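S.K.: Using only what follows, build the 3D model:
(chains A and B)
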2 protein chains.
Amino acid sequence: MADRDAEDPLLAGSVDSSNQSNGNNALKRRKYRRSRSAPTEDVSPGQSSVESLHHTESIFGKTIHFKQILVLLGAYLGVGALCFFLVRHQMKGQKTNVILDAVYFCVVTMTTVGYGDLVPDSILSKLLACIFVFIGMALVGFLLSKAADYIVEKQEILLVKAIHMREKYSANDILKEVETNKVEYKVLTALVFLIILIVIGSLFLNRIEGLNLFDAFYCVCATITTLGYGDKSFSTFAGRIFASFWILISTICLAQFFYCLAEFYTERRRRSLVKWVLTRKLTISDLEAADLDNDEVVSAAEFVVFKLKEMGKIGEADIAMVMEEFKSLDVDQSGTLTKADLVNLDSSNS
Amino acid sequence: MADRDAEDPLLAGSVDSSNQSNGNNALKRRKYRRSRSAPTEDVSPGQSSVESLHHTESIFGKTIHFKQILVLLGAYLGVGALCFFLVRHQMKGQKTNVILDAVYFCVVTMTTVGYGDLVPDSILSKLLACIFVFIGMALVGFLLSKAADYIVEKQEILLVKAIHMREKYSANDILKEVETNKVEYKVLTALVFLIILIVIGSLFLNRIEGLNLFDAFYCVCATITTLGYGDKSFSTFAGRIFASFWILISTICLAQFFYCLAEFYTERRRRSLVKWVLTRKLTISDLEAADLDNDEVVSAAEFVVFKLKEMGKIGEADIAMVMEEFKSLDVDQSGTLTKADLVNLDSSNS
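M.R.: Below you'll find the predicted structure:
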């Protein structure tokens, strides 16, 4: 058997589209596989960074999520603004327009900036603030961070294009470059966004709110970190309109930047582990350990399980779980699954 | 071949300790495997929740981390307090003891609570605040959250014990219960911690700072969410000593609670996906798809790769990576690795 045979089936998923014209029986059979695969999975916190490289197909699922997030954000701000508009006489501090102040207070509260330039001054308004800050935190933490991740990933390609503008890179080269150094470019993209937001915020506070440039920068830092001492804040009508958007975007952007940094650190460690696992010399004892069915040879699948286990990508628990299922399916206890097993299983069930 | 043969080697890592007395050749061989395994891996953000269930061995590594974190936190607070002590005449607001105020300001800044009861009032002190808030955020985000996770996990067992006090659970049963419902108990543990911290904070603000109970609760909510409007804060000497500890612990605890909630949500989705993958009826086309080396039978390893791929646990990229290594090692292109391959490899290298 040529080694190509051992490799292709494993990679069938990824070569499907390019190899369809090949059209031999084996490949045709494999085309079915995709439709029977698991339901489209989302990128979840528990998923490794490598996995998240492979959700090109789930972009549509993500777009729907993105719209849902916008609706939820709109609902939160709408209900929040209405509530704080209704209790507007139970708020104290610097006021401008009643509706604008309600929205501004909502944003300052949900992002936990909490300047204190506008504070609740009754039991009801304080209670509302307590409720809205918890909901706001959850909204920012669970939903908006996902949306930010989505945006950063989309902008990544533009950034890579810009960086390699002078070199003649094809669209394909750009995509490949993004895939290979995904995490690095994510950090860079978030950083670029962040710097732009800091500059815009500082200039706005300087021009419109009349702060000197250093104080404007200080207020920007105190805001994006959600510190919000409140000694400097947005006090004008135009300032609060700007702030309602800018605070929401910039606080999430900084959080996203820190998240990308953590991801970068994890990914670098993972890569060095993977490199170590793949480049270290294979010994005879390794072969014995990898030989799961004790047939003196290590098949491609056995090698994959052995190496992925060594990388910490799969654990004993995962294997044990699948093995339990394997045992229950292997009716004739041959140590392998065959069509006969399935037939036996059907007859024993009916 | 009995199915036990197919299973045991796969599970060797987990049964090692219990089966050592068994002492047949195959098991002895396997004992080596552990020492040759990958360097101890930490629980990183990119790792799945299932993986993180299996770091009993790395507890020692974690303890060292824990000490390093305490040292870093001490260094941050030490340097921070010194800096803000030196610029104490460039700060304005409610002051108590000069050293205490410096520490208190450090904590309020690093947790991004930022009451604004004490604010920097010169270019130098503002610059210091900007620097310390960024470092503090990173410290809280990267390090303290890991420490909190460690503490929550350790306390989990106590909680499970307390819950099952009336039933006669052995230590082993408790451990098993914790392993099975790890994420659920983590959420519960974090919640219990959080409620205790909220009650302590409210009572303290009520008794020592003289706020009425509702205002005390309002101030607690505004603090643990890092909102910190600053209309209510710690203004007495005793209050600021208490606050320096309580703010640090409670803000991290709330963040940890939200983190556990997200983990819980991910884990539940993962479990339902795993259940779906494992319980759905296996078809003949599945067998064909899983049969990687086209030998008409599906070996245990092939089944594991097929199912874990379906669960999204491993991706095409992971498999492709290992397969490249497999190809380079399979010198005689037999589609399997044998001792002969290793010998050939050695001779071609030398």
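
S.K.: And the strands in the stretch 151-300 of chain A?
M.R.: A:298-299 (DSSP state E, counting those that start in this stretch).

S.K.: so where's it uncertain?
M.R.: Applying pLDDT under 70 to the stretch 151-300 of chain A flags the ranges A:166, A:168.

S.K.: Do stretch A:292-306 and chain B come into contact?
M.R.: Yes. Using C-beta under 8 Å from any C-beta of the partner chain, stretch A:292-306 reaches chain B at A:292-294, A:296-305. The way it works is simple: take the backbone N, C-alpha and C, and place the C-beta from them, glycine included.

S.K.: What about the residues you listed, which are in helices?
M.R.: A:Ala300, A:Ala301, A:Glu302, A:Phe303, A:Val304, A:Val305 (DSSP state H).

S.K.: what would those look like in CSV with distance to A:Val71?
M.R.: Formatted as CSV, these follow (distance: C-beta to C-beta, whole Å):
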residue, distance to A:Val71
A:Ala300, 47
A:Ala301, 45
A:Glu302, 49
A:Phe303, 48
A:Val304, 42
A:Val305, 44
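
S.K.: what's the burial count for A:Arg68?
M.R.: Rather than Arg, residue A:68 is Gln. Using other C-beta atoms under 10 Å in any protein chain shown, A:Gln68 has 12 neighbouring residues.

S.K.: Domain ranges for chain A, per the record?
M.R.: Annotated domains of chain A cover A:58-273, A:281-329 [automatic domain parsing].

S.K.: so how far is the shortest one from its chain's centroid?
M.R.: Its chain's C-alpha centre lies 30 Å from the corresponding centre of domain A:281-329 when counted by C-alpha atoms, centre = their mean, to the nearest Å.

S.K.: And the first one, by the same measure?
M.R.: Taking C-alpha atoms, centre = their mean, one finds domain A:58-273 lying 16 Å from the centre of the chain it belongs to.

S.K.: neighbouring contacts of stretch A:81-98?
M.R.: With C-beta atoms under 8 Å, 6 or more residues apart in numbering or on different chains as the test, stretch A:81-98 has contacts from A:99, A:101-103, A:105-106, A:116-122, A:124-125, A:128, A:132, A:233, A:235-237, A:240.

S.K.: quick revisit: filter the ones in helices among the residues of stretch A:292-306 next to chain B down to the buried ones and hand me the ChimeraX line.
M.R.: Buried residues among those (16 or more other C-beta atoms under 10 Å in any protein chain shown), as a ChimeraX selection:
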select /A:300,301,302,303,304,305
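
S.K.: other SSEs contacting the lengthiest helix in chain A?
M.R.: Longest among the helix segments of chain A by residue count, using DSSP H, is helix A:237-279. In terms of contacts (3 or more C-beta pairs under 8 Å, 6 or more residues apart in numbering or on different chains; DSSP states H and E), helix A:237-279 is packed against helix A:98-110, helix A:145-163, helix A:182-207, helix A:213-224, helix A:300-310, helix B:123-138, helix B:316-329.

S.K.: ok, 6 Å please
M.R.: In terms of contacts (3 or more C-beta pairs under 6 Å, 6 or more residues apart in numbering or on different chains; DSSP states H and E), helix A:237-279 is packed against helix A:98-110, helix A:182-207, helix A:213-224.

S.K.: Dump the shortest one to CSV, restricted to CA.
M.R.: Backbone C-alpha positions of helix A:213-224 (Å, rounded to 0.1, in the frame of the first residue of the first chain) are rendered in CSV as follows:
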residue,chain,number,x,y,z
LEU,A,213,-3.8,66.9,25.4
PHE,A,214,-2.3,65.2,28.4
ASP,A,215,-5.5,65.3,30.4
ALA,A,216,-7.4,64.0,27.4
PHE,A,217,-5.0,61.0,27.1
TYR,A,218,-5.3,60.5,30.9
CYS,A,219,-9.1,60.5,30.6
VAL,A,220,-8.9,58.1,27.6
CYS,A,221,-6.7,55.7,29.7
ALA,A,222,-9.0,55.9,32.7
THR,A,223,-12.0,55.2,30.4
ILE,A,224,-10.8,52.3,28.2
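
S.K.: Could you check it against chain B for contacts?
M.R.: Yes. Using C-beta under 6 Å from any C-beta of the partner chain, we find that helix A:213-224 touches chain B at A:Phe214, A:Tyr218, A:Cys221.

S.K.: buried ones in that helix?
M.R.: So for helix A:213-224, counting by 16+ other C-beta under 10 Å, buried means A:Asp215, A:Ala216, A:Phe217, A:Tyr218, A:Cys219, A:Val220, A:Cys221, A:Ala222, A:Thr223, A:Ile224.

S.K.: OK, contacts around the first one?
M.R.: If you count contacts by C-beta atoms under 6 Å, 6 or more residues apart in numbering or on different chains, A:Asp215 has them with A:Lys232.

S.K.: any idea how far it lies from A:Asp341?
M.R.: A:Asp215 is 75 Å from A:Asp341, where distance means C-beta to C-beta, to the nearest Å.

S.K.: Drop anything exposed from the contacts of stretch A:81-98.
M.R.: For the contacts of stretch A:81-98, buried by 16+ other C-beta under 10 Å: A:101-103, A:105-106, A:116-120, A:125, A:128, A:132, A:233, A:235, A:240.

S.K.: Pick out whichever of those residues sits closest to B:Thr336.
M.R.: Nearest to B:Thr336, judged by C-beta to C-beta, of the buried ones among the contacts of stretch A:81-98 is A:Phe132 at 62.5 Å.
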